[in-house]
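Asks: how would this look folded up:
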Amino acid sequence: METRQYQTKELFRRFLPYFAPYWRTMVFDLCCAGMTTLCELVLPMIMRYITNEALLDAAALSMRTVGILTALYLALRVVDCIGAYYMAGTGHVMGAKIETDMRKDAYQHLQQLSNTYYNNTKVGQIMGRITNDLFDVTEFAHHCPEEFFIAGVKLVISFIILARINVLLTLIIFVIIPVMVVVCMKLNFRMRAVFRAQRHHIGELNARIEDSLLGQKVVKAFTNEEMENRKFETDNSKFLDIKRDSYHLMAQFNAATRAFDGAMYVSVILFGSLFMIRGLVEPGDLVAFLLYVSTLIATIRRIIEFAEQFQRGMTGIERFLQIMDADIEIFDEPGAVEMGTPRGEIAFHNVSFEYPDDHNQVFQNLDLVIHPGEKVAIVGPSGGGKTTLCNLIPRFYDVTGGTITIDGQNIRDFTLKSLRRNIGIVQQDVYLFSGTVYDNISYGRPDASRAEVEEAAKRAGAHEFISALKNGYDTYVGERGVKLSGGQKQRISIARVFLKNPPILILDEATSALDNESEYAVAQSLGRLSVGRTTLTIAHRLSSIRNSDRILVLTEEGIMEEGSHEQLLEKKGIYYQFYHMADQLK
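Replies: Down below sits the predicted model:
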């Protein structure tokens, strides 16, 4: 997976557009933040006025004046409560909406990424990026503008008010703040690196757990529970070490800020007292300074508490962008058109292909024509490129040289959706989604009626066993179809293709993992499915392709032999050797 790192400026630039649909909410949220800030800033001025008036002439400080000031502050507190309610409620919902939008974009982008991306990326890492990493974005999206806005308002207004009271004392206090900012920024950058490592390792830990749990039958079969426990313990301990580093950094961050807090209080007490002794400030002014310093320190502490959240949010955005910036290698070409219903002629013209990640050459200058409605079987040694050849037709990968055409037109001239809509694939490793039998068959054509789904199941030879299940078509199949046998899963996948009804069919070793009884039932279903369709069959069991119109022998050197079953046996070449080797293994 892409591990590009981003500058903070770019992270903000790429993140800001997600605020656009909610700018009204954000503006009102900041207005509420401003009102709550006003309440905090007015209190020191009220206390300054009362203190100075009381020291000058306590008798002049009437209950009417105190009542007016109290009523004013009470009204401000009511406004503060309303503003705080809006910020905590609607503000957080805005953050959740932004998180939802980002997750939607990430998921849609993942749907467009090629097989190469998934071949090189752990699913646990992907899951971590679109779930856990984006959870922190909710808090970040809400609190980031709010906290910085509040801090900015408090700093500016506090400086103006205090400077009007005593410029020198104000400068002494505020000169500490830039030093504190520099120290905190350095610690923040170190925290970002630790949180990035932490997020990455969470993904690795998820991938380890997923791998072990999905392979739990293999683990038990080889009695390797202890080995898996050791692997998990190693990863778990490494995660603890990373978290330990992050907590030590947070401790340094908190200790540094508390030291600066103390420095500000000491400055007010020391220099404020000296100025008051010399008559440069009034007692009420010193009270105001202390209260404003308390307000500023409380704000700084909120920023400190937000710092961890800030770094987590920035790390989440960074990891989100690493998904969004993963290249879409297979896409609709400019001017791509919808494919109608093809006759089914498939032609490879001087095709070359190598995998993008490792540049392993699979084909070079391959030529092949498959006629409409023809049943072509492909056999050959493992690693010869049989599955790769079939994966090029629906553009799971793009050729690196030459062209593939359907009915004489380059497949890149068609939209991906229309191209793949006309191709049905039945694979050896059947994937059933968690859901019911009906859900999995109707996946072939989601708008199909129940009668059409049942008809597809009948044609696939699946209706009988489905009807015998406890809840029939509404039976839950379990994750990846674990509650069904291999033959049952395969027939459901065939029913799914029957419902799709594509004119081009690819059968990728669809019966090689089945027992003899299941193989026979599935072979019957596949025979019915291939009628009237251009069919490519990849098979290791040569008995299943004897009736093919043409058999191709594909090796690393290309297509070495082609012809009917009888013709290839007469040649006594590679196919002949495969066939008699299979006989000896029976």
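Asks: helix or strand right after the worst-scoring helix or strand of the chain on mean pLDDT?
Replies: Lowest mean confidence among the helices and strands of the chain (mean pLDDT, DSSP states H and E): helix 216-221, at a mean of 69. Downstream of helix 216-221, the next assigned helix or strand under DSSP states H and E is helix 225-277.
Asks: In three-state terms, label Ile297 for me.
Replies: Classification of Ile297 by DSSP: H, G, I helix; E, B strand; the rest coil places it in helix.
Asks: so it makes contact with Met264?
Replies: Yes: between Ile297 and Met264 there is a contact under Cβ atoms under 8 Å: 6.5 Å. All C-beta spots, glycine's among them, are computed from the backbone N, C-alpha and C.
Asks: Could you tell me how far stretch 68-87 lies from the centre of the chain?
Replies: 42 Å (Cα atoms, centre = their mean, to the nearest Å).
Asks: And the contacts of it?
Replies: Residues from elsewhere that reach stretch 68-87, judged by Cβ atoms under 8 Å, 6 or more residues apart in numbering: 28-29, 31-33, 35-36, 38-39, 42-43, 46, 49-50, 142, 146.
Asks: Let's see that with 10 Å instead.
Replies: 25, 28-43, 45-47, 49-50, 62-63, 91, 142-143, 146, 150 (Cβ atoms under 10 Å, 6 or more residues apart in numbering).
Asks: Equivalent analysis for stretch 46-57, please.
Replies: Residues contacting stretch 46-57 (Cβ under 10 Å, 6+ apart): 60-62, 65-66, 69-70, 72-73, 76, 161, 165, 282-292.
Asks: Identify each buried residue in it, please.
Replies: Using 16 or more other Cβ atoms under 10 Å as the test for burial, stretch 46-57 gives 46-48, 50-53.
Asks: ok, the residues you listed vs Asn229, which is closest?
Replies: Proximity of the buried residues of stretch 46-57 to Asn229 (Cβ to Cβ) peaks at Met47, which lies at 62.5 Å.
Asks: That closest one falls within a helix, correct?
Replies: Yes: judged by three-state DSSP, Met47 forms part of a helix.
Asks: So it versus Asp285, what's the distance?
Replies: Here Met47 is placed at a distance of 11 Å from Asp285 (Cβ to Cβ, to the nearest Å).
Asks: any idea which of the buried residues of stretch 46-57 is the one closest to Ala448?
Replies: For these, the nearest to Ala448 is Ile46 (72.5 Å; Cβ to Cβ).
Asks: Any regions of this protein where pLDDT drops low?
Replies: Applying pLDDT under 70 to the chain flags the ranges 1-3, 55-62, 214, 217-218, 221-222, 304-305, 308, 511-519, 543, 582-586.
Asks: Now do the strands in it.
Replies: 346-354, 361-370, 375-379, 401-406, 409-410, 423-427, 504-508, 534-538, 550-555, 558-563 (DSSP state E).
Asks: picking that back up, if any of the contacts of stretch 46-57 are buried, put those into a PyMOL selection.
Replies: To isolate the buried subset of the contacts of stretch 46-57 in PyMOL, counting by 16+ other Cβ under 10 Å, use the following:
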select buried, resi 61+69+76+161+165+282+284+285+286+287+288+289+290+291+292
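Asks: Which ones among the contacts of stretch 68-87 map onto helices?
Replies: In this view, the contacts of stretch 68-87 that belong to helices under DSSP state H are 25, 28-43, 45-47, 49-50, 63, 91, 142-143, 146, 150.
Asks: Please list only the buried members of these.
Replies: Buried among the ones in helices among the contacts of stretch 68-87 (16+ other Cβ under 10 Å): 25, 28-30, 32-33, 35-37, 39-41, 43, 45-47, 50, 91, 142-143, 146, 150.
Asks: centroid residue for this protein?
Replies: The residue lying closest to the centre of the chain (Cα atoms, centre = their mean) is Ile130, at 2.9 Å.
Asks: Please name the spatially closest residue to that residue (chain neighbours excluded).
Replies: Among residues not flanking Ile130 along the chain, Ala106 sits closest, at 4.8 Å (Cβ to Cβ, 6 or more residues apart in numbering).
Asks: Just the CA atoms of stretch 429-447, as PDB, please.
Replies: Taking C-alpha atoms only, stretch 429-447 is exported to PDB below (Å, rounded to 0.1, in the frame of the first residue of the first chain):
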ATOM      1  CA  ASP A 429     -12.900 -20.400  -5.400                       C
ATOM      2  CA  VAL A 430     -16.600 -19.400  -5.100                       C
ATOM      3  CA  TYR A 431     -17.300 -16.300  -3.100                       C
ATOM      4  CA  LEU A 432     -20.700 -16.100  -1.500                       C
ATOM      5  CA  PHE A 433     -21.700 -13.000   0.400                       C
ATOM      6  CA  SER A 434     -23.000 -13.100   4.000                       C
ATOM      7  CA  GLY A 435     -26.700 -13.300   3.500                       C
ATOM      8  CA  THR A 436     -29.300 -15.700   2.200                       C
ATOM      9  CA  VAL A 437     -29.300 -18.100  -0.700                       C
ATOM     10  CA  TYR A 438     -31.800 -15.700  -2.500                       C
ATOM     11  CA  ASP A 439     -29.500 -12.700  -1.900                       C
ATOM     12  CA  ASN A 440     -26.500 -14.500  -3.500                       C
ATOM     13  CA  ILE A 441     -28.400 -15.700  -6.600                       C
ATOM     14  CA  SER A 442     -30.100 -12.300  -7.100                       C
ATOM     15  CA  TYR A 443     -26.700 -10.700  -7.000                       C
ATOM     16  CA  GLY A 444     -26.400 -11.700 -10.700                       C
ATOM     17  CA  ARG A 445     -29.300  -9.300 -11.500                       C
ATOM     18  CA  PRO A 446     -30.600  -7.400  -8.500                       C
ATOM     19  CA  ASP A 447     -33.900  -6.300 -10.200                       C
END
